Every structure is written in C-alpha cells, then in structure tokens.
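Trainee: need the 3D shape of this:
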Amino acid sequence: MAPELLPRLLDDAGARRLHEVAALDPECVADDFRRPGVAAALAEAEVLLTFWGAPAVDARALAAAPRLKAVVHAAGSVKHLVTDACWERGITVSSAALANSLPVAEYTVAMVLLSNKRVLELREEYRSVRGLRHDWHQRYGHAGNYRRTVGIVGASRIGRRVIELLRPYDLELLVYDPYLTGRQAERLGARGVGLDELCRASDVVSLHAPALPETRAMIDRRRLALMRDGVTLINTARGALVDGPALTEELVSGRLRAVIDVTEPEVLPAESPLYDLPNVLLTPHIAGSLGNELHRMADSAIEEIARYAAGLPFAHGVRREDLDRTA
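Mentor: Predicted structure coming up:
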C-alpha cells in the first residue's frame with residue numbers, strides 16, 4: 001500500500017490484532033515491489049495484506065514470492081491488483097468489498113431521503129431569504145418521502161443493502177439488474193422492472209452497477225429524457241455509467257437534480273458547471289469508506305488473515321469467474 005496510508009488504515013486495536021494473527025515486519029510497507037528491502041520480505045511472504053496504492057501482483061512480483069499463497073485486500077475492487085498470473089498460480093484472494101459497501105449504502109439512503117425532502121432546494125432558498133416565509137408548505141407541497149418511488153440500478157452488494165435499508169420506509173422500491181429474476185427481486189423487497197420503466201417511474205434513480213463495457217453510458221441521453229421533471233439521479237458507483245455531457249445539459253437546464261459522488265474524469269475540470277449548480281450535490285468520491293470507516297475494512301481483512309491462519313476458507317473470497325460482472 002502507499003506507506004502514508006498505513007496509520008489511516010490501522011488504529012491501535014487493529015495493529016494489535018494483526019500482530020496476534022500474523023508474523024510481520026511493520027516497517028515493510030511499500031507501494032513498489034522493487035523498493036529496497038521489499039524483495040527479502042517477498043521471498044518469505046505467505047500472505048500479502050494490500051490496500052489503496054498497492055502495485056499489481058504480476059508475474060514479476062510472484063517470481064520474487066515463491067511462498068505466496070494469498071492476497072488479502074483491505075479495500076474493494078481487486079481488478080487493478082490481482083493479475084492473471086495470480087489466478088494461474090492458484091493464489092487465493094479476499095476483498096473487503098462488503099465492508100466498503102456499507103458506508104456507500106448508508107450515504108445513498110441518506111441522499112434518497114434528503115432528496116425527496118428537497119433539502120438542497122430548501123437550503124438554497126432559505127439562504128437567499130434569510131428569514132421566515134409563511135408559504136413554505138405551499139411552495140414545497142410536492143416534497144416528502146411518503147409513497148415515493150425509488151429505482152435501484154444494479155442488485156450489487158451495495159444495491160441490495162440500499163434496498164434492505166429502505167424497506168422500512170413508505171417507499172415503492174424498483175430494481176433493475178439483468179441477472180435478477182422477478183422472484184429474486186421480490187425476495188429482496190423490490191419489484192423487478194426494465195431500465196426504461198425504472199427511469200420513467202422513479203422519483204429517485206440510484207446507480208449501483210459495476211463499470212463494464214455493457215454498462216458504459218447506460219444512463220444515456222434517451223434514458224435521462226425518460227425521467228420526469230424534478231427527478232434526482234444519485235451516482236455513487238462509477239462516472240462511466242452516465243453520459244456526462246448529456247447529464248450536465250439536463251442539470252444546467254434545471255429539469256433534473258443530482259447527487260454525484262463519482263464522475264468521468266474522476267476530477268472534473270474547474271470550469272465544470274456542476275460545482276456551482278444549486279440542484280447538484282457534488283462530492284469527491286467519499287461515499288465509500290472515509291475516516292474511521294477505513295478501520296472496518298482493516299478489521300475485515302485481519303479477520304480473513306486469522307481465518308487463513310486457522311486453516312479456514314476466506315469469508316469474503318473473490319472468484320475469478322465473478323470479476324466480469326463485479327466492480
């Protein structure tokens with residue numbers, strides 16, 4: 001991992017627990033397998049604990065690590081990290097994607113509820129008025145969460161958790177996922193629909209699909225046009241899922257609202273209007289683990305190492321065949 005991230009990942013309790021389950025050199029933290037001292041550690045390593053900033057575990061790294069049996073990633077996607085050489089060698093892989101999905105789902109639920117309550121709109125108007133108005137209820141008679149329709153795009157870990165967290169509310173939940181049957185959607189607590197129908201029917205559309213060639217710009221100009229005036233689009237997944245220029249046009253016009261945590265490019269140019277639009281909440285990819293939430297991912301990874309040490313299979317193992325349809 002990037003060495004400066006270690007104290008953010010491991011608190012004192014996590015560091016103590018890691019030392020209980022593994023023999024390690026706490027000074028050997030590297031973001032480049034070619035750094036001095038790393039080669040000797042690789043030669044002895046049986047498990048790699050990885051995090052943000054880790055280099056790819058490629059054939060060259062594996063050649064220097066003859067005893068390596070497992071990679072335990074204390075973060076989400078392993079696509080950038082675990083190469084074909086790992087799978088061909090039979091390296092077992094674990095990811096803290098489930099732990100990282102929880103704050104994303106919590107953030108999404110908060111944004112769904114705030115969006116239907118028209119909090120952004122009310123905040124801007126209250127800031128402008130700077131006083132009481134007697135017609136707030138009249139002006140915002142369309143606001144509220146009672147019997148609103150929320151569309152979830154993607155029955156991923158996060159999408160399923162969002163549905164679970166939203167079930168207690170008086171909402172109609174729709175879900176679109178090409179791998180999900182109608183019966184499976186019902187068991188989740190939602191109604192399975194096509195993507196076009198979801199866009200037409202929802203008051204809030206929330207994206208939780210992986211970035212794959214077939215999902216690129218799945219929310220395109222045509223599907224944005226299907227959304228009713230005033231609909232909120234929430235994207236905590238990947239910027240590539242949306243036709244960015246088309247969405248920007250809709251937002252500049254004021255017809256739609258958006259909560260955007262991910263964009264393409266990852267950082268928008270300074271002149272992008274999305275920074276200043278009152279109908280847009282733009283955040284810098286922070287819906288996932290932030291601050292002390294990193295410790296949840298560390299704890300998940302450490303427990304996986306404990307399972308490995310006890311001869312148990314990983315609880316959150318990653319299979320090569322699943323990577324084609326996951327983040």
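
Trainee: so residue 72, which state does it fall into?
Mentor: Three-state call for residue 72 (DSSP: H, G, I helix; E, B strand; the rest coil): strand.

Trainee: how about the contacts made by it?
Mentor: For residue 72, the contacting residues are 47, 48, 49, 50, 93, 94, 301, 304, 305, 308, 314, by Cβ atoms under 8 Å, 6 or more residues apart in numbering. All C-beta spots, glycine's among them, are computed from the backbone N, C-alpha and C.

Trainee: what are the ranges of the strands in this protein?
Mentor: Remark: strands assigned in the chain by DSSP state E are 47-50, 70-73, 92-95, 148-153, 171-176, 191-192, 204-207, 232-235, 257-260, 280-282.

Trainee: can you redo those as a markdown table with distance to residue 4?
Mentor: Converted to a markdown table, the strands of the chain look like this (distance: least, Cβ to Cβ, whole Å):
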| stretch | distance to residue 4 |
| --- | --- |
| strand 47-50 | 15 |
| strand 70-73 | 18 |
| strand 92-95 | 22 |
| strand 148-153 | 35 |
| strand 171-176 | 40 |
| strand 191-192 | 45 |
| strand 204-207 | 31 |
| strand 232-235 | 29 |
| strand 257-260 | 28 |
| strand 280-282 | 26 |
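
Trainee: just send those back as CSV, with mean pLDDT too.
Mentor: CSV is the format used below for the strands of the chain (pLDDT from 0 to 100):
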stretch, mean pLDDT
strand 47-50, 97
strand 70-73, 98
strand 92-95, 98
strand 148-153, 98
strand 171-176, 98
strand 191-192, 98
strand 204-207, 98
strand 232-235, 98
strand 257-260, 98
strand 280-282, 97
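
Trainee: chain center to the longest helix seen in the chain, what's the gap?
Mentor: Assignment by DSSP state H gives helix 97-116 as the longest helix of the chain. Distance of helix 97-116 from the chain centroid (Cα atoms, centre = their mean, to the nearest Å) equals 9 Å.

Trainee: can you count the residues close to residue 151?
Mentor: Counted with other Cβ atoms under 10 Å, residues neighbouring residue 151 total 28.
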